[in-house]
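In: Below are the sequence and a predicted model for it; my questions follow.
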Amino acid sequence: MKGYFAGEYAVIVVGAGHAGIEAALACARMGLSTLCLTINLDAVGLMACNPAIGGTSKGHLVREIDAMGGEMGLATDEVYLQLRMLNTAKGSAVWSLRAQADKRRYHERMKRALEQEPLLDLKMGECERLLTQNGRISGVAVTGGAYYTCRAVVLCTGVYLKSHILVGDYLKEAGPSGMLRSEYLSASLEALGFPLRRFKTGTPPRVHKRSLDVGRMEPQRGDVPTPHFSFMTDPAESREQTLCYLTYTNARTHEIILNNIERSAMYSGLVKGTGTRYCPSIEDKIKRFADKDRHQLFIEPEGKSTEEMYVQGMSTSLPYDVQVDMLRTIEGMERCEIMRPGYAIEYDVIDSTQLTTGFEAKDVPGLFFAGQLNGSSGYEEAAAQGFFAGVNAALFCKAEPPFLLKRSDAYIGVLVDDLATKGTNEPYRMMTSRAEYRLLLRQDNADLRLTERARRLGLISDARYDALCRKRADIEKAQKALSRVVSPDEAMGKLLEAKGETLPAKPVPIGDMMKRRGVGYTDLLMLYDLPEINADAMEQVEIMARYDGYIQKQKAQVEKFHDMESVLLPNDIDYMGIEGLRIEARQKLNAMRPESIGRAGRISGVSPADVAVLLVYLKARGAMEKANG
């Protein structure tokens with residue numbers, strides 16, 4: 001091996017963005033010596049796009065990461081500028097927390113977390129090449145001649161692989177926010193048999209706050225009382241929140257964009273990569289939604305120590321002069337000054353169907369992938385994958401079975417299954433609609449679903465586990481008390497009348513009262529002998545009472561899902577030889593070799609009829625093996 005030996009670790013994590021942070025911390029906290037390599041120490045936890053965490057469905061991911069001992073929720077609670085719960089007009093299953101975070105403080109908070117973790121080394125260096133021995137990962141080579149040995153590698157390279165920044169007709173070989181890009185790792189991946197594709201994402205311009213007339217915009221305030229991401233944050237913790245602002249594009253804005261759209265990197269042909277469907281550029285919005293006469297723009301602060309304001313909703317790759325012109329048509333922004341122009345960024349990604357459901361490369365043992373390298377978009381999606389891949393890299397080193405999450409276990413399970421089973425032809429974004437069992441996978445019960453499992457991995461502190469046990473005990477006590485049947489009386493009648501409800505005609509369990517509009521646990525405490533419980537437990541009790549019928553139906557659906565997941569497909573099946581399967585299904589099944597009937601049915605190109613053929617094949621094969629046995 002050429003170069004000089006720089007050290008040996010159990011796991012090496014390449015990248016220190018949102019995926020790399022969670023992967024490195026998980027490995028170290030599971031007791032393994034870990035190296036986290038980053039191209040630039042100033043890019044640790046960089047929020048290259050909007051400095052915000054959470055949002056619809058993404059808030060679920062952050063809560064799940066936190067429930068299993070990850071860092072994103074704790075860090076966000078420490079550095080938020082504003083917190084808001086979204087979708088509160090809908091059912092609790094789709095409530096999602098979103099935070100505007102202080103960009104600089106978030107970076108500092110995450111860098112400190114990596115630096116202070118005992119078994120973790122954080123170092124600056126560009127991974128040039130993956131090293132293998134007998135087809136297995138054995139280390140990484142770094143530009144400059146150093147190499148490190150290890151048993152597992154987790155690649156969390158974000159949007160840095162051979163990345164291009166594009167503004168109008170200007171193209172620069174660079175990473176996000178002017179950072180250096182990764183020059184050599186793409187070639188190493190291709191040499192190992194990973195065909196690469198190009199994806200594209202983008203970011204809006206940043207403007208100077210003093211050049212804005214925010215008095216002409218609609219103020220957007222945070223929620224009071226303040227919700228939090230981490231189950232370990234003191235519920236009473238609160239501080240002054242920073243204002244955000246709302247304004248809109250208009251007909252003149254749209255005219256300028258349309259008149260110059262051929263100068264956009266996206267429309268001139270300069271961009272070759274596939275862009276994200278669910279976070280379109282302003283050019284795409286104007287084209288795709290031609291009937292809309294305006295689009296929302298949220299003006300959000302990047303931090304307390306800067307005057308930069310982020311123009312949420314104005315992602316663009318138009319030339320600088322056009323960006324200035326279109327922004328100055330917007331109310332409150334007529335004299336705005338751009339501090340950083342918006343840009344598109346194009347980068348290499350792998351085909352995520354080359355990974356197992358533990359995010360390990362199928363053909364290179366010890367090599368794990370996470371984040372935007374897998375074709376996803378978003379900080380939260382990246383962090384969730386990083387945590388998941390890091391845990392499985394640690395388990396690989398310990399020669400233990402992988403940690404797997406089903407679609408019925410967590411939003412992270414949906415995310416992993418979608419990427420590993422279906423793959424993606426465009427930047428993948430998590431959405432509540434992707435989760436079939438979202439009524440069970442609420443953000444409020446992430447700890448009840450996942451903390452016990454993470455405890456067995458060694459990722460949960462005694463303090464966090466004790467808090468979970470107290471919450472479960474409170475829920476059980478309350479539900480037992482609420483099951484007591486009571487007769488309608490005057491006190492019950494007054495309570496229900498105040499809520500616009502009528503008195504039941506016969507005795508009912510106390511808990512049934514919470515199915516009535518506006519009746520909560522605190523209302524029932526005034527009438528009946530019920531235990532005092534904490535706010536988190538009370539929230540669970542109320543949700544379970546109100547949605548009991550729906551929850552039971554979804555649990556029945558989960559049982560059917562588990563039945564299909566439990567029908568295993570032997571790894572030696574020759575799908576090409578199974579009569580009745582369509583050609584596309586044979587090819588897809590032969591290439592992906594799914595572990596179960598359930599997973600086979602989720603592969604793009606495998607129809608319900610193909611699944612029925614597989615079930616018949618398995619039954620016949622079982623009968624034949626029994627006859628020959």
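Out: Right, received. Where do you want to start? Numbers count the residues shown, from 1 in each chain.

In: Next, Val324: secondary structure please.
Out: Here Val324 takes the helix state, with states given by DSSP: H, G, I helix; E, B strand; the rest coil.

In: ok, it touching Gly342?
Out: No. Val324 is beyond contact range of Gly342, at 11.1 Å (criterion: CB atoms under 8 Å). Placement of C-beta: from N, CA and C, glycine included.

In: which residues does Ser596 contact?
Out: Met564, Glu565, Ser566, Val567, Leu568, Leu569 (CB atoms under 8 Å, 6 or more residues apart in numbering).

In: Among these, which one is most surrounded by other residues?
Out: Leu569 (19 neighbours; other CB atoms under 10 Å).

In: host element of Leu37?
Out: Element membership of Leu37 [criterion: DSSP states H and E] is strand 34-38.

In: Which elements pack onto that strand?
Out: strand 11-14, helix 18-29, strand 120-124 (3 or more CB pairs under 8 Å, 6 or more residues apart in numbering; DSSP states H and E).

In: Average pLDDT for that strand, rounded please.
Out: Looking at strand 34-38 alone, the average pLDDT works out to 98.

In: Just want the angle from it to strand 120-124.
Out: Counting by axes from the mean of the first three to the mean of the last three CA atoms, to 10 degrees, strand 34-38 points 20 degrees away from the direction of strand 120-124.

In: Pairing partners for strand 34-38, with directions?
Out: strand 11-14 (parallel), strand 120-124 (parallel) (DSSP bridges).

In: going on from it, what's the next piece of helix or strand?
Out: strand 52-54.

In: average pLDDT across that next one?
Out: The average pLDDT for strand 52-54 rounds to 97.

In: Could you say which of the strands paired with strand 34-38 is packed most deeply?
Out: Highest mean neighbour count of those: strand 11-14, a mean of 31 (counted as mean count of other CB atoms under 10 Å).

In: for Gln133, phi and psi?
Out: Reported as degrees, to the nearest 10, the phi and psi values for Gln133 are phi -140, psi 120.

In: how far away is it from Gly366?
Out: Per CB to CB, to the nearest Å, Gln133 is found 10 Å from Gly366.

In: what do you get for Arg621?
Out: From Arg621 over to Gly366 the distance is 33 Å, taken as CB to CB.

In: Looking at the two, which is more packed in?
Out: Each of Arg621 and Gly366 has its neighbours counted (other CB under 10 Å); Gly366 has more, 22 against 13.

In: Not counting sequence-adjacent ones, nearest residue to the more buried one?
Out: Among residues not flanking Gly366 along the chain, Ile137 sits closest, at 3.5 Å (CB to CB, 6 or more residues apart in numbering).

In: just Ile350 next, same as before
Out: In space, and not counting its chain neighbours, Ile350 is closest to Phe194: 5.1 Å by CB to CB, 6+ apart.

In: Mind checking what secondary structure that neighbour has?
Out: The three-state assignment at Phe194 reads coil, by three-state DSSP.

In: Quick check: end-to-end length of stretch 457-465?
Out: By CA to CA, to the nearest Å, the extent of stretch 457-465 from end to end equals 13 Å.

In: Which residues does that stretch contact?
Out: 26, 29-31, 68-69, 231-232, 391, 395, 403, 451, 454-455.

In: How about stretch 390-397?
Out: Contacts to stretch 390-397, defined as CB under 8 Å, 6+ apart, come from residues 10-11, 13, 22-27, 30-32, 151-154, 358-360, 365-366, 368, 370, 401-403, 457, 459.

In: filter the residues you listed to the buried ones?
Out: 10-11, 13, 22-27, 30, 32, 151-154, 358-360, 366, 368, 370, 403, 457, 459 (16 or more other CB atoms under 10 Å).

In: Just the CA trace of the helix or strand where Leu395 lies, in PDB.
Out: According to DSSP H and E, Leu395 maps onto helix 379-397. Extracted in PDB, the C-alpha atoms of helix 379-397 (Å, rounded to 0.1, in the frame of the first residue of the first chain):
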ATOM      1  CA  TYR A 379     -31.300  17.400   6.200                       C
ATOM      2  CA  GLU A 380     -33.800  15.300   8.100                       C
ATOM      3  CA  GLU A 381     -33.800  12.400   5.500                       C
ATOM      4  CA  ALA A 382     -30.000  12.500   5.600                       C
ATOM      5  CA  ALA A 383     -29.700  12.500   9.400                       C
ATOM      6  CA  ALA A 384     -32.200   9.600   9.600                       C
ATOM      7  CA  GLN A 385     -30.200   7.500   7.100                       C
ATOM      8  CA  GLY A 386     -26.900   8.400   8.800                       C
ATOM      9  CA  PHE A 387     -28.100   7.200  12.100                       C
ATOM     10  CA  PHE A 388     -29.500   4.000  10.600                       C
ATOM     11  CA  ALA A 389     -26.400   3.200   8.500                       C
ATOM     12  CA  GLY A 390     -24.100   4.100  11.400                       C
ATOM     13  CA  VAL A 391     -25.900   1.700  13.800                       C
ATOM     14  CA  ASN A 392     -25.700  -1.100  11.200                       C
ATOM     15  CA  ALA A 393     -22.000  -0.400  10.500                       C
ATOM     16  CA  ALA A 394     -21.400  -0.800  14.200                       C
ATOM     17  CA  LEU A 395     -23.400  -4.000  14.300                       C
ATOM     18  CA  PHE A 396     -21.400  -5.300  11.300                       C
ATOM     19  CA  CYS A 397     -18.200  -4.700  13.200                       C
END
